[in-house]
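Novice: sequence isn't available, so here's the structure alone:
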């Protein structure tokens, strides 16, 4: 059986400075936003490309920083069990999905650096990932992320300018959150339903603005990956339901493979975060 068939999937820790978990801010600018949803499927599961990788090319044997032998093989992820979200004027802020299923969730932030290895690596790995994209960071090459969509990546919101939101006015926060969701929905034909605040910082206003922008949940993380090393908030192993954070950085290949190895070492399978959020 092929690696791809085996890899089917429904796919800062304490003591680590927040600056280590975020790319440098890009140019500042604000996009107009009404907060109105773009006509698109309500969830990643309904989008044709969400969690449905395109046919993978043959994995390279050298010259790209990885080979097919470097990619861990996973058992298929179990059928997802969506969690229950509270009904209020706010949204939950999660660093772990409360599930007993042996799954973990790989997320990738920002988009300032467009690693040329990423499309082929995602295609060969065949695992689901969630991209929390900053619209200012991606505007110099938006088609790049459409290529990642073709290989199973699902695109979610991460503000327009990568500004820290905590302590800012409701109007500022809503503009950053709704504006990024609107732009991403227009460009990638599916309006985001999930959000991550830059640097992982937020306040009650943030969670209310996320809700008012039509987004279902906001996310922190339990592990980060940087320069090929996984850093843990709790213990020394990825736990079921953990959300793992990495970025589009020069060490993309090392970070991606390190995250997959950590998931494999824990006896878990990568799953798609959006499949655990009710539609």
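Specialist: Sure, I can see it. Keep in mind it's a predicted model, so treat the numbers as computed, not measured. Numbers count the residues shown, from 1 in each chain.
Novice: could you check how far the lengthiest strand in the chain is from the centre of its chain?
Specialist: In the chain, taking DSSP state E as the definition, the longest strand is strand 103-110. Between the centre of strand 103-110 and the centre of its chain there are 4 Å (CA atoms, centre = their mean, to the nearest Å).
Novice: that one pairs with which strands?
Specialist: Here strand 103-110 has these sheet partners by DSSP bridges: strand 129-133 (parallel), strand 243-247 (parallel), strand 269-270 (parallel).
Novice: reformat those strands as CSV; add mean pLDDT, distance to residue 97 and mean neighbour count.
Specialist: For the C-beta atoms, the positions are set from N, CA and C on the backbone; glycine is no exception. CSV is the format used below for the strands paired with strand 103-110 (pLDDT from 0 to 100; distance: least, CB to CB, whole Å; neighbours: other CB atoms under 10 Å):
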stretch, mean pLDDT, distance to residue 97, mean neighbour count
strand 129-133, 98, 12, 25
strand 243-247, 98, 7, 24
strand 269-270, 98, 13, 24
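Novice: so for residue 174, which of these sits nearest?
Specialist: Set against residue 174 and scored by CB to CB, those come closest in strand 129-133, at 17.7 Å.
Novice: run through who's touching that closest one.
Specialist: With CB atoms under 8 Å, 6 or more residues apart in numbering as the test, strand 129-133 has contacts from 11, 105-111, 122, 145, 148, 152-158, 180, 184, 194-196, 219, 270, 272-274.
Novice: which of those fall within strands?
Specialist: 105-110, 153-157, 194-195, 219, 270.
Novice: mind listing the helices for the stretch 51-200 of the chain?
Specialist: Here the stretch 51-200 of the chain has its helices, by DSSP state H, counting those that start in this stretch, at 118-125, 135-138, 142-150, 170-188.
Novice: elements contacting the first one?
Specialist: Meaning helix 118-125. Helices and strands touching helix 118-125, by 3 or more CB pairs under 8 Å, 6 or more residues apart in numbering; DSSP states H and E, are helix 142-150, helix 252-265.
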